[in-house]
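Trainee: Here is a sequence with its predicted model. Questions after.
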2 protein chains.
Amino acid sequence: MKLKQLPNNLLGVSAINKASQPKHDVFQAISDPTRRSMLKLLADREMSIAEIVEYFPITRTAVNKHLHILSEAGLVRSRKAGRETRYMLIPAPLIQIQNWLSFFEQYWDERLSALRRFVEEDND
Amino acid sequence: MKLKQLPNNLLGVSAINKASQPKHDVFQAISDPTRRSMLKLLADREMSIAEIVEYFPITRTAVNKHLHILSEAGLVRSRKAGRETRYMLIPAPLIQIQNWLSFFEQYWDERLSALRRFVEEDND
DNA sequence: TTAATATGTAAGCGATTCCTTAACAAGGAG
DNA sequence: CTCCTTGTTAAGGAATCGCTTACATATTAA
């Protein structure tokens, strides 16, 4: 991954930096349907583990581990609030997926990409 | 522990009915970096297994299995040509990823889209 | 303080993943 | 024909995954 001398604190998110290699990356994190559902859940509002558990047929421990994996991927951040730990969505790392996908956009529809190239040439 | 009887599609958890589905979906297929590289390889042209093997430090058998997984996810199609089996990219299923990502776009703010302009490409 | 609530972690279990070697089938070149 | 290449499958090993129960810790309520 090449980065153009990006001001480090543009987002306050250092999870994008690959220098530190967490065991779980974003692609792995979203490969599990339960974790994908959790991300959608947390999109609305931050939630405690006890709240999240209500939405899934698994134990609190399992939910905890899923959140830990999401956290390693930088997709979630935790915050202690009394005896609760509340989790919130951090969508930033999803850009890695988006970016990877963008490579293939030109192959989705040959005619469409031909049109796009034509328009872009027109803009230049 | 009580479970809220949640409507099946509220969270997009319809992936729970696994009984009839192929074993590997698109999210799982692209969770492996080797498979992501293979897809990029095949974007240029169709290739035989023997050709693909040259690009990875794994055996023919391992490459074969990766391609089988990609095929189950619909991302690749095979074609017999003499004693070779040539594989070509089918990018269409990647739309499923794109669709899932689009849900989160509303949560990307200004600074995030600024970041996207700085990020160039993953070295997958 | 005592009890109830909320979370974290260790240990373990069965399934899956990624890879290997070995064996086998079949097309193409000599 | 024989030899070489190409692909597939079987069997298995090491590691990881997803989940559980059991236990430990920390905060709040009564």
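Mentor: Structure received.
Trainee: how far away is the most centrally placed residue in chain A from residue B:108?
Mentor: Centroid-nearest residue in chain A, with C-alpha atoms, centre = their mean: residue A:94, separated by 3.5 Å. Relative to residue B:108, residue A:94 is positioned 8 Å away (criterion: C-beta to C-beta, to the nearest Å). The C-beta positions use only the backbone N, C-alpha and C, and glycine is treated the same way.
Trainee: before we move on, what about residue A:50?
Mentor: Distance from residue A:50 to residue B:108, by C-beta to C-beta: 29 Å.
Trainee: same check, this time on residue A:96
Mentor: 13 Å.
Trainee: Of the two, give the one with the bigger neighbour count.
Mentor: residue A:96 (21 against 17; other C-beta atoms under 10 Å in any protein chain shown).
Trainee: who's in contact with the residue nearest to the centre of chain A?
Mentor: A:26, A:30, A:75, B:101, B:104 (C-beta atoms under 8 Å, 6 or more residues apart in numbering or on different chains).
Trainee: out of these, which touch DNA strand D?
Mentor: Counting by C-beta under 7 Å from any atom of the strand, nothing from these sits close to DNA strand D.
Trainee: Which of the residues you listed sits closest to DNA strand D?
Mentor: residue A:30 (10.3 Å; C-beta to the nearest atom of the strand).
Trainee: from memory that closest one sits against residue A:38, does it?
Mentor: No: taking contacts as C-beta atoms under 8 Å, residue A:30 lies outside contact range of residue A:38: 10.2 Å.
Trainee: Which residues of chain A lie near chain B?
Mentor: By C-beta under 8 Å from any C-beta of the partner chain, the part of chain A that sits against chain B consists of A:1-4, A:6, A:10-11, A:16, A:27-28, A:30-31, A:33-34, A:36-37, A:39-41, A:43, A:53-55, A:57, A:59, A:89, A:91-92, A:94-101, A:103-104, A:107-108.
Trainee: so who does residue A:48 touch?
Mentor: Counted by C-beta under 8 Å, 6+ apart, residue A:48 has contacts A:81, A:84-87.
Trainee: Now intersect those with the strands, please.
Mentor: Secondary structure from DSSP state E places A:81, A:84-87 of these in strands.
Trainee: In chain A, where is pLDDT below threshold?
Mentor: A:1-22, A:110-124 (pLDDT under 70).
Trainee: for the residue in it that chain B sits nearest to, helix, strand, or coil?
Mentor: Taking C-beta to the nearest C-beta as the measure, chain A has residue A:31 as its residue closest to chain B, at 3.6 Å. Following DSSP: H, G, I helix; E, B strand; the rest coil, the label given to residue A:31 is coil.
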